[in-house]
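In: A structural model of the following input is requested.
(one chain, ligands or ions: 1)
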Amino acid sequence: MNDILIQTTSAFFEKSFGSVPQKIVLSPGRINIIGEHIDYNDGYVLPAAIDKVICFAFEKSNTKKSKIIAIDLKEEFELDLTESIQLSDIIWTNYIRGVVKQLQDNGFSFEGFNCVFSSNIPVGSGLSSSAALECGLLFGIKELFDLKIEKVDIALMGQKAEHWVGINCGIMDQFSSVHGLENKVIKLDCNTLEFEYHDADFKDYSVILFDSNVKHSLFTSEYNTRRLECEEGLSIIKNHFPEVKSFRDCTEEQLLSIQDQFTPIVFKRVHFVVKEINRVIRACEALDKGNIKLLGQLLFETHYGLSQEYEVSCAELDMLVDTAKADEAIIGARVMGGGFGGCTINLVEKGHENEVKRKFSNLYLDTFGIELKFYDVKISNGTTLL
Ligand code: GAF
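Out: Have a look, this model is predicted:
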C-alpha cells in the first residue's frame, strides 16, 4: 500500500532537486484502543501505530538553507537556519519550524536539508498526522546528520514542537508513532514513559475506523481548556489527599467524598479521568485474556464518558456510536483521539464488515448529508528508515 507513496515521493524529490534522496523515512499515524485524554493526565493509554504514513525523502543541501515541499498541498517553503524561527500564518509549516527549533534549542548541530513529503494519513481524522509529521522529520534529520537522539527524545521533541504550534498535547501520539510495532498495542505509562507491548489480537472482531468527515473548530481551544480543568481538579484532590501525586493514585471513592469541593464541570472532568485510567488497565487485561466482548463494553463506557462528562464528542460521533451500540455485529465503539470530529473506533464481528459499512454509510448520509469513510486498521511498525 505504501509502495506507491514511496515511489511518488522519491520521483518528486528527483524532479525537484535533480538528485536521488539520501534518506527515505516512513512515519505512521496512530489509533488508540482506549485511554483518551489520559496522556496529559499521567495515566495509561493503549495506542498503536498504523500502516497509514507520511513518506519523507531527504538530502543535505550543503548550505544553511532548507527547502521543504509538501507534495499533497502543492506548497513549499524555505527556512534559513541562521535566522530565528518564528510562527507563520501557513499552519503546516509551523510543525516543520517547531521541529527545527526544538533541535536547535536542544543544542543539536545540523546544516540545511532538502525535503519532500507526501502522506496517506487523512488529516483532521484523529489519526495524528501532525505527530507523524513531527516525528518523521525529526527522525530524518537525525539520520541525515547522524545525530545521537533516542527514540523517546524524538517523541518528546515532537510533543514540544506541537506545543509551540499551539496545542498543549500529551505524549501519546508522538510516542506511538515512534515506538509502534507490527501487531502490537503499546501500554504506555504516561507518567514514567515506561511501556510494554501486548498482542493486538482481537479474535473474531475486526478493528474498523468510521471517519465522520467532520472536524469542529472548537478542537484546539477546548482541548487546552480540558487540560486546565484537569489541572485545577488535581490540585483540589491533592489539597484533600496529600498522598495523591497524580490521578492514578486517586480512587473513585476519594473523589466522590469531596465532590462538593469542585465546580460541577471540573468534577465531571476529573470523574471521567479517574474512571478512564481504571478502564485502560481492565481493557488491557481483557485483551490479554482474549475477552474482546469485555473490551468492547469498556469502549462504549469510554465513549459515554467522553460525550457526557468530558464533553469532547459531537452529534455526528454520538450518532455513530449510538447506532453501533444497537447493532448486534458491533461489540464496542467510541470516539477516538481528541474529539469534536474525526473517527470512531469499532470492533465489528468478522464476516459482517461489508453489511455494517453499507448500513452506516446510508444512514450517515441520510442523517447528515455527509459521506462516511472507513479505514480497516493494520497495526504496523513505528517510524522507519528505508
Ligand atoms: C490528541 C493529543 F494530541 C493527544 O496527546 C491525546 O491527548 C489525544 O488527543 C486524546 O487522547 O490526539
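
In: longest helix of the protein?
Out: In the chain, assigned by DSSP state H, the helix with the most residues is helix 264-289.

In: my read: residue 186 touches residue 197, true?
Out: Yes: between residue 186 and residue 197 a contact is recorded at 6.1 Å, counting by Cβ atoms under 8 Å. For glycine as for every other residue, the C-beta is placed from the backbone atoms N, C-alpha and C.

In: Which of these two has more residues huddled nearby?
Out: Neighbours per residue, other Cβ atoms under 10 Å: of residue 186 and residue 197, the larger number sits with residue 186, 25 against 14.

In: elements contacting the longest strand anywhere in the chain?
Out: In the chain, taking DSSP state E as the definition, the longest strand is strand 47-60. In terms of contacts (3 or more Cβ pairs under 8 Å, 6 or more residues apart in numbering; DSSP states H and E), strand 47-60 is packed against helix 2-17, strand 23-32, strand 113-119, helix 129-144, helix 172-179, strand 184-189.

In: Please render those as CSV that adds distance to the ligand to the earlier fields.
Out: Output for the helices and strands packed on strand 47-60, formatted as CSV (distance: least, Cβ to the nearest ligand atom, whole Å):
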stretch, distance to the ligand
helix 2-17, 22
strand 23-32, 6
strand 113-119, 16
helix 129-144, 7
helix 172-179, 5
strand 184-189, 11
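
In: Can you give the domain ranges for the protein?
Out: Here the domain parsing of the chain from automatic domain parsing is 2-200, 205-377.

In: Residue 261: neighbour count?
Out: 14.

In: ugh, wrong one, I meant residue 372
Out: By other Cβ under 10 Å, 20 other residues sit near residue 372.

In: Report pLDDT for it.
Out: Per-residue pLDDT puts residue 372 at 98.

In: Distance-wise, check residue 271 relative to residue 248.
Out: Distance, residue 271 to residue 248, by Cβ to Cβ, to the nearest Å: 14 Å.

In: Could you do residue 1 as well?
Out: In this view, residue 1 and residue 248 are 38 Å apart by Cβ to Cβ.

In: ok, those two, which is more surrounded?
Out: A side-by-side neighbour count of residue 1 and residue 248, using other Cβ under 10 Å, places residue 248 first with 20 against 10.

In: Double-check the more buried one against residue 45; I have them as touching.
Out: No: with contacts counted by Cβ under 8 Å, residue 248 stays clear of residue 45, the gap being 12.0 Å.

In: any idea which of the helices and strands packed on strand 47-60 is most buried?
Out: Each of the helices and strands packed on strand 47-60 was scored by mean neighbour count; the highest is helix 172-179, a mean of 29, by mean count of other Cβ atoms under 10 Å.

In: which residues are in contact with that helix?
Out: Applying Cβ atoms under 8 Å, 6 or more residues apart in numbering, the contact partners of helix 172-179 are 27-30, 32, 35, 38-39, 45, 47-49, 128, 130-132, 134-136, 139, 151-152, 154-156, 158-159, 162, 186, 188, 190, 193, 195, 382-383.

In: got it, and stretch 237-256?
Out: 41-44, 191, 230, 234, 258, 261, 267, 270-271, 273-275, 277-278.

In: Now the terminal residues of stretch 16-28, how far apart.
Out: 24 Å (Cα to Cα, to the nearest Å).

In: One more: stretch 337-351?
Out: End-to-end span of stretch 337-351 (Cα to Cα): 27 Å.

In: circling back: now the next helix or strand after the longest strand of the chain and strand 113-119, what's the angle there?
Out: As assigned by DSSP states H and E, the chain's next helix or strand after strand 47-60 is strand 65-70. Between strand 65-70 and strand 113-119, the angle comes out at 10 degrees (axes from the mean of the first three to the mean of the last three Cα atoms, to 10 degrees).

In: residues in contact with residue 297?
Out: Neighbouring residues of residue 297 by Cβ under 8 Å, 6+ apart: 331, 332.

In: rerun at 10 Å
Out: Residues in contact with residue 297 (Cβ atoms under 10 Å, 6 or more residues apart in numbering) are 279, 282, 283, 286, 291, 331, 332.

In: from what I can see residue 324 touches residue 349, true?
Out: No: counting by Cβ atoms under 10 Å, residue 324 does not reach residue 349; the two are 11.7 Å apart.

In: How about exporting the strand or helix carrying residue 101 as PDB, limited to the C-alpha atoms?
Out: Taking DSSP H and E as the definition, residue 101 sits inside helix 91-105. This file holds the C-alpha atoms of helix 91-105, laid out as PDB (Å, rounded to 0.1, in the frame of the first residue of the first chain):
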ATOM      1  CA  ILE A  91       0.000  26.300   9.600                       C
ATOM      2  CA  TRP A  92       1.600  23.200   8.200                       C
ATOM      3  CA  THR A  93       5.000  25.000   8.000                       C
ATOM      4  CA  ASN A  94       4.800  25.600  11.800                       C
ATOM      5  CA  TYR A  95       5.200  21.900  12.500                       C
ATOM      6  CA  ILE A  96       8.400  21.900  10.500                       C
ATOM      7  CA  ARG A  97       9.600  25.200  12.100                       C
ATOM      8  CA  GLY A  98       8.800  23.800  15.500                       C
ATOM      9  CA  VAL A  99      10.800  20.600  14.900                       C
ATOM     10  CA  VAL A 100      13.900  22.600  13.700                       C
ATOM     11  CA  LYS A 101      13.500  25.000  16.700                       C
ATOM     12  CA  GLN A 102      13.400  22.000  19.100                       C
ATOM     13  CA  LEU A 103      16.600  20.500  17.700                       C
ATOM     14  CA  GLN A 104      18.300  23.900  17.900                       C
ATOM     15  CA  ASP A 105      17.000  24.600  21.400                       C
END
